[in-house]
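> Okay, sequence plus prediction incoming.
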Protein chains: 2
Amino acid sequence: MTRTPLRTPTHDGVLEAARAVAAILPATPLLALEIEGRTIWCKAECLQPIGAFKIRGAWHRLSALDADERARGVVGVSSGNHAQGLAWAARRLGIAATIVMPVDAPAVKLANTRALGAEVVLYDRPGGVNRDAVAQALCADKGATLVHPFGDPWVIEGQGSAGIELARQMEHMTGSGPDLVVSPCGGGGLTAGLALACPDAAIVPVEPEGWDDVCRSLAAGAIQTVAPDAPPTACDALQTPATHPINFAVLAARCPFGLVVTPREVAAAQRLAFEKLRLVVEPGGAAALAAVLAGKLEVTARTAVILSGGNTDAAAFAKVLTPVR
Amino acid sequence: MTRTPLRTPTHDGVLEAARAVAAILPATPLLALEIEGRTIWCKAECLQPIGAFKIRGAWHRLSALDADERARGVVGVSSGNHAQGLAWAARRLGIAATIVMPVDAPAVKLANTRALGAEVVLYDRPGGVNRDAVAQALCADKGATLVHPFGDPWVIEGQGSAGIELARQMEHMTGSGPDLVVSPCGGGGLTAGLALACPDAAIVPVEPEGWDDVCRSLAAGAIQTVAPDAPPTACDALQTPATHPINFAVLAARCPFGLVVTPREVAAAQRLAFEKLRLVVEPGGAAALAAVLAGKLEVTARTAVILSGGNTDAAAFAKVLTPVR
């Protein structure tokens, strides 16, 4: 289990990840959304084969394993989207994958992870601090590689490939790339990757109420954690207790602040994406759009918003579509 | 109102339309969907800016109008998607658009058409045979050009651009184009366009129960109409009383048969697109996928399915997601 110390993720690493990802996955569309006369560019990562951007980092990480590491398999910890990304990449590369998932993860995420051939080990979220111990025990047992959902340079660079793609798409369509990228933020893998991908853009992470550790970390200048009594959130994809030092190093250098959105704001963004973009976006995936819609930051003429995932149960989505007034 | 006789739409015309459309609209994604171990390629036309393929034909038709015709405006008849396509293209070209729409069209389609700046004139669908008279009176009044929703060579060729796009995408991803294209069918504009676009593929139109005039027309070898007492259908986009001779000439030469799907099969397809593709597909837009899912035709290794639109009201979609068992 002892591994080489983590290298620092780089812009060049993101460019390399973008080439690796482009060789296997078509670019997700960058869709124009008009909000009060302004066009916002929405990167539809919910249209990835697994319904989330996590496929990028997982593919890039697993591709970098050598034959011996591949033979011993991989282990992941995830509420669902990283799980599916890992399972997808592992199946494609012929690697055995074991995923430690919370028992309250959306049924669709559990079902899809199993359908992709991964072995799922469940844990109770309230005792979630032990999930890493469970994963490490599995790794020790099998000699498998632990693939961290965000605190890993390959994973960060892989997620950053979304930023390379969107910058190229926006340049093609409008003549210039983004000057502002707004992204849902859990552990900060995607946000750090986007920051490395788009060195000339402002990067704003968005978190759900109660799970705003990155916002507070940016304000404090040091990593903060989520309170043990944090409220439940529909944004299961963004439920991470704290970011990782290699992510925070990138975020602290590039994000002056983060934003927080409420459940009501998230649901409004999901409805807008349904109506105007005909996309199914999960709560966590809609957090950045929610911040823009709620007027929590000044959008520019070159604003990109990441719709990071679309794995939500039918009953939950039906409730979002028909709010009680 | 007297116009030159309709020319015959051609493969070259579709290629020209594909160039015109590509200059203004990015390609919609072609998404892989695994069904019982087979990959079906789904063309996500619901992701067009207006949420449906109709933007293609409208753009190609209006682009072909001369300055004098543009100054006198255009008139359309539509349950909603053609209306939005026409309104979108007209706004972009600075042409006044008036659309005759049924009073029971989905609210989202009425609202979006008005939001795009078109004038909407409503009519009651039961007396729907008169909608053409309403439109012709408007045209006579203003000297405007009537843009038929499907019986028009430019419109057919414009819709066919979807076929050029999907064939290129499938070739890029798999090495070869489609040998079977399954498409929702209302008046037959899209289906005829696809047939012209993909001369080497089998083309199968799919209609909703009770509105199977094209199926019966193909079987009879002559244009048949929908019964006056046809049942209501959620597939408002496919509610056309009969196809047009220029469409039928193409369809009769290329489609050995058509298929019919039930409301339950359509809803199941909408749910699958929600869960596996994270797409909002309206009932009519899901008809072709419904036929494939229900096992009504033998899919090949190179099957393409058109998801033709995604404009559906939130309440209706919520009901589809939570079926009463």
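That came through fine.

> Return the distance of A:Asp141 relative to A:Ala90.
Per Cβ to Cβ, to the nearest Å, A:Asp141 is found 17 Å from A:Ala90. C-beta coordinates here come from the backbone N, C-alpha and C atoms, glycine included.

> Neighbour count for the two, which is higher?
More neighbours surround A:Ala90 than the other of A:Asp141 and A:Ala90, with 26 against 10 (other Cβ atoms under 10 Å in any protein chain shown).

> so the more buried one touches A:Ser63, yeah?
No - when contacts are counted by Cβ atoms under 8 Å, A:Ala90 is not listed as touching A:Ser63 (11.0 Å).

> Would you state the secondary structure element containing A:Ser219?
Just to correct that, residue A:219 is Ala rather than Ser. Applying DSSP states H and E as the criterion places A:Ala219 in helix A:213-220.

> Check what contacts that helix and list those residues.
Applying Cβ atoms under 8 Å, 6 or more residues apart in numbering or on different chains, the contact partners of helix A:213-220 are A:185, A:188, A:191, A:205, A:207, A:223-226, A:240-243, A:248, A:251-252, A:255-260.

> And the next helix or strand past that helix?
helix A:245-254.

> Show me what that next one is packed up against.
With contacts taken as 3 or more Cβ pairs under 8 Å, 6 or more residues apart in numbering or on different chains; DSSP states H and E, helix A:245-254 sits against helix A:153-174, helix A:189-197, strand A:202-208, helix A:213-220.

> Return the list of strands paired to the helix or strand following it, each annotated with direction.
As assigned by DSSP H and E, the chain's next helix or strand after helix A:245-254 is strand A:259-261. Sheet neighbours of strand A:259-261, with direction, are listed as strand A:202-208 (parallel) (DSSP bridges).

> Please save the CA atoms from the strand it pairs with in CSV.
Output in CSV follows, covering the C-alpha atoms of strand A:202-208 (Å, rounded to 0.1, in the frame of the first residue of the first chain):
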residue,chain,number,x,y,z
ALA,A,202,-11.6,32.9,-12.8
ILE,A,203,-12.7,29.6,-11.1
VAL,A,204,-15.6,29.6,-8.7
PRO,A,205,-16.4,26.4,-6.7
VAL,A,206,-20.0,26.0,-5.5
GLU,A,207,-21.1,23.8,-2.6
PRO,A,208,-24.4,22.8,-0.9
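
> Quick one: name the residues of chain A near chain B.
Within chain A, the residues that sit near chain B (Cβ under 8 Å from any Cβ of the partner chain) are A:26, A:28-32, A:44, A:46-47, A:49, A:51, A:108, A:169, A:173, A:271, A:274-275, A:277-281, A:310-311, A:314-315, A:317-319, A:321-322.

> Please enumerate residues in contact with the worst-scoring helix or strand of chain A on mean pLDDT?
Least confident element among the helices and strands of chain A, by mean pLDDT, DSSP states H and E: helix A:131-142 (a mean of 86). Residues outside helix A:131-142 that contact it (Cβ under 8 Å, 6+ apart) are A:1, A:72-73, A:75-77, A:98, A:100, A:102, A:121, A:123, A:144-146.

> Tell me the buried residues in it?
A:131, A:134-135, A:138-139 (16 or more other Cβ atoms under 10 Å in any protein chain shown).

> Save those residues as JSON lines, and put in distance to A:Gly160 too.
Below are the buried residues of helix A:131-142 laid out as JSON lines (distance: Cβ to Cβ, whole Å):
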{"residue": "A:Arg131", "distance to A:Gly160": "25"}
{"residue": "A:Val134", "distance to A:Gly160": "29"}
{"residue": "A:Ala135", "distance to A:Gly160": "24"}
{"residue": "A:Leu138", "distance to A:Gly160": "28"}
{"residue": "A:Cys139", "distance to A:Gly160": "26"}
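
> out of those, which one sits closest to A:Leu180?
Ranked by distance to A:Leu180 (Cβ to Cβ), the buried residues of helix A:131-142 are led by A:Arg131 at 34.2 Å.

> Which single residue in the stretch 1-150 of chain A comes nearest to chain B?
Nearest to chain B in the stretch 1-150 of chain A, going by Cβ to the nearest Cβ, is A:Cys46, at a distance of 4.5 Å.

> quick one, what contacts that residue?
Neighbouring residues of A:Cys46 by Cβ under 8 Å, 6+ apart: A:52, A:279-282, A:285, A:307-311, B:278.

> Same check on A:Val226?
A:210-213, A:240-242.

> Whichever of those end up buried, select them in ChimeraX.
Buried members of the contacts of A:Val226, defined by 16+ other Cβ under 10 Å, are picked up in ChimeraX with:
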select /A:210,211,212,213,240,242
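
> Identify, from the contacts of A:Val226, the entry nearest to B:Ile40.
Nearest to B:Ile40 among the contacts of A:Val226, with distances taken as Cβ to Cβ, is A:Thr240, at 35.5 Å.

> doesn't A:Leu190 make contact with the closest one?
No - look at A:Thr240 against A:Leu190 with Cβ under 8 Å: they stay out of range, at 11.6 Å.

> quick one: common contacting residues for the two?
With Cβ under 8 Å, 6+ apart, A:Thr240 and A:Leu190 have common neighbours A:Phe150.

> So, low pLDDT: which residues of chain A?
Applying pLDDT under 70 to chain A picks out residues A:1-5, A:126-129, A:325.

> Pop the domain breakdown of it in here.
A:11-52+A:153-321, A:55-147 (automatic domain parsing).

> how long is the shortest one end to end?
Using Cα to Cα, to the nearest Å, the end-to-end distance of domain A:55-147 comes out at 13 Å.

> Give me the buried entries from the contacts of helix A:213-220.
Buried among the contacts of helix A:213-220 by 16+ other Cβ under 10 Å: A:185, A:188, A:191, A:205, A:207, A:223-224, A:226, A:240, A:242-243, A:248, A:251-252, A:255, A:258-260.

> excluding its backbone neighbours, what's nearest the residue in the stretch 151-300 of chain A that chain B sits nearest to?
Across the stretch 151-300 of chain A, no residue is closer to chain B than A:Arg278, which sits at 3.2 Å (Cβ to the nearest Cβ). Nearest non-adjacent residue to A:Arg278, counting by Cβ to Cβ, 6 or more residues apart in numbering or on different chains: B:Gly310, 3.2 Å away.

> Please report the distance of the closest residue in space to A:Glu45 that isn't next to it in sequence from A:Ala192.
With Cβ to Cβ, 6+ apart as the criterion, A:Glu45 has its nearest non-adjacent residue at 4.0 Å, and that residue is A:Phe53. Going from A:Phe53 to A:Ala192 by Cβ to Cβ gives 13 Å.

> again, but for A:Gly258
Distance from A:Gly258 to A:Ala192, by Cβ to Cβ: 13 Å.

> wait, A:Leu279 sits on A:Ala44?
Yes - the pair A:Leu279 / A:Ala44 is scored as a contact, 5.9 Å apart, by Cβ under 8 Å.

> can you confirm A:Val108 is in a strand?
No - using DSSP: H, G, I helix; E, B strand; the rest coil, the secondary structure at A:Val108 is helix, not a strand.

> burial measure for it, as a count.
For A:Val108, using other Cβ under 10 Å, the count is 22.

> Run a quick check on it versus A:Ala316, I expect a contact.
No - using Cβ under 8 Å, A:Val108 makes no contact with A:Ala316, being 9.3 Å away.

> quick revisit: ok, then the element right after the least confident helix or strand of chain A?
With secondary structure assigned by DSSP H and E, helix A:131-142 is succeeded by strand A:145-147.

> before we move on, the earlier item: how much space between the residue nearest to A:Glu45 and B:Cys185?
For A:Phe53 relative to B:Cys185 (Cβ to Cβ), the value is 36 Å.

> Next up, the contacts around A:Thr312.
Contacts of A:Thr312 by Cβ under 8 Å, 6+ apart are A:106, A:108, A:280-283.
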